[in-house]
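>>> Kindly return the folded structure for what I paste below:
(one chain, ligands or ions: 1)
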Amino acid sequence: MSTSGLDRREAKFYATEGDKVRCSLCPHSCLIADKKRGLCGVRENRGGKLYSLIYGLASSIHPDPIEKKPLFHFLPGTTSLSFGSIGCNLFCRHCQNYSISRARFGDLDMTEVTPEDVVKMAQATGAKSVSWTYNEPIIWHEFTTTASKAVHEAGLKTNYVTNGYIQGEPLRELKGVIDAMNIDVKAFTESFYKEICGGRLKPVMDSCELAVEMGIHVELTYLIIPTKNDADEEIRGFCKWVVDSLGGQIPVHFSAFHPDYKLTNVSRTPTGTLSKAYEVAKKSGIDFVYVGNVYVGDEDDTFCPKCGTRVVDRDGFWVRSTNLEGGRCGKCGAELNMVV
Ligand code: SF4
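This next block holds a predicted model:
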């Protein structure tokens, strides 16, 4: 789909610098010449004004279990109507959604949606929340924030599945607009972010810390890639940062890599590596640790950190049963950082 005949929206978070514009939505801070786009491919300088080319343009709309995001402590057992557009501000060589994150206009059929459409579709599917996912929601900021406000007015909740690559000011704008985030921490070294993702780790850490401080419900996903980000000290360092800077009640999901896109010469993550990371995280003081993308035993269930009761019994993305009282442990009443 061409964007030329469509009334796309002026973007937020930019300033003019001579005949160029500087975008300040994400840490790339692209300086964009007239008729050119930023690195994400969806924000364009048109005569000194920056435009979002994807306002109200969805590439994918699908009802998913909220556990698929993964969000295990946010409205467990409910459906989330999930929307994605195109583009991304990171360039991960192992991207599992590259057909939409790297799509150009014209590659995919796009559906035009208004904020009101988003609400009506979510209500029609019985969803309790709307997820902004599949591609990077940060670069869809103008639409996701406007539509999320409409979603809230209808009494539903919202969430981002995000790489956390956003500057502080736009992130602060998500307070009271986005209820939950699953943030990918893709590794715990700057070298990985530079070589594999074309970005930096520090701004992602800053975003995680700010999101928690702002009261957004945060869960983290760490995809373990053999030989790239699976060193014992790296996993230990990541877990220590979670406990020290975010708190031990932040849920952490370790997930399994499979060869994809440009990273096809690396093998799948052995189950033993995931189990080891699970144990390291538990010993570090993280209360809620999960293993995903592989068949596991109890490592996708939630246990009360105080009395050990299995409070959510899952089978992959499906909730078999719960033992919760208003988000607390149904047996001993302990706090579980659970939004219900
Ligand atoms: S959001 Fe896009 S245009 Fe803006 S700084 Fe990031 S990559 Fe560049």
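>>> who's in contact with the residue of the chain found nearest the ligand?
The minimum distance from the chain to the ligand, using C-beta to the nearest ligand atom, falls at residue 38 (2.0 Å). The C-beta positions use only the backbone N, C-alpha and C, and glycine is treated the same way. Residue 38 makes contact with 23, 28, 30, 32, 44, according to C-beta atoms under 8 Å, 6 or more residues apart in numbering.
>>> my guess is the fourth one meets residue 45, correct?
Yes. With contacts counted by C-beta atoms under 8 Å, residue 32 reaches residue 45, the gap being 4.3 Å.
>>> Quick one: name the residues of the stretch 101-250 of the chain near the ligand.
By C-beta under 6 Å from any ligand atom, the residues of the stretch 101-250 of the chain that approach the ligand are residue 139.
>>> Can you get me a residue count around the nearest residue to residue 216 once chain neighbours are set aside?
Nearest residue to residue 216, sequence neighbours excluded (C-beta to C-beta, 6 or more residues apart in numbering): residue 181, at 5.6 Å. Neighbour count of residue 181, defined by other C-beta atoms under 10 Å: 27.
>>> neighbour count winner among residue 32 and residue 45?
Ranked by neighbour count (other C-beta under 10 Å), residue 32 and residue 45 place residue 45 first, with 25 against 19.
>>> from what I can see residue 59 touches residue 86, true?
Yes. Counting by C-beta under 8 Å, residue 86 is a contact partner of residue 59 at 5.1 Å.
>>> what residues are shared contacts of those two?
Residues within reach of residue 59 and of residue 86 at once, by C-beta under 8 Å, 6+ apart, are 100, 103, 108, 110, 135.
>>> neighbour-wise, which of those residues leads?
Top of the shared contacts of residue 59 and residue 86 by neighbour count (other C-beta under 10 Å): residue 135, with 30 neighbours.
>>> after the longest strand along the chain comes which helix or strand?
Counting residues, the longest strand found in the chain (DSSP state E) is strand 217-224. Counting by DSSP states H and E, the element after strand 217-224 in chain order, helix or strand, is helix 232-241.
>>> Show the secondary-structure elements that that following helix is packed against.
strand 217-224, helix 271-284 (3 or more C-beta pairs under 8 Å, 6 or more residues apart in numbering; DSSP states H and E).
>>> re earlier: contacting residues for the residue nearest to residue 216?
159-162, 164, 211, 216-219.
>>> Mind doing that once more with 10 Å?
Contacts here follow C-beta atoms under 10 Å, 6 or more residues apart in numbering; on that basis residue 181 touches 69, 71, 74, 132, 137, 158-162, 164, 171, 174, 207-208, 211-212, 216-220.
>>> Ok, residue 137 next?
83-85, 131, 143-145, 148, 158-163, 166, 174, 178, 181.
>>> Ok, residue 26 next?
13, 38-40, 43, 89-90, 136, 138-139, 141, 163-167, 170-171, 199, 203, 207 are the contacts of residue 26 under C-beta under 10 Å, 6+ apart.
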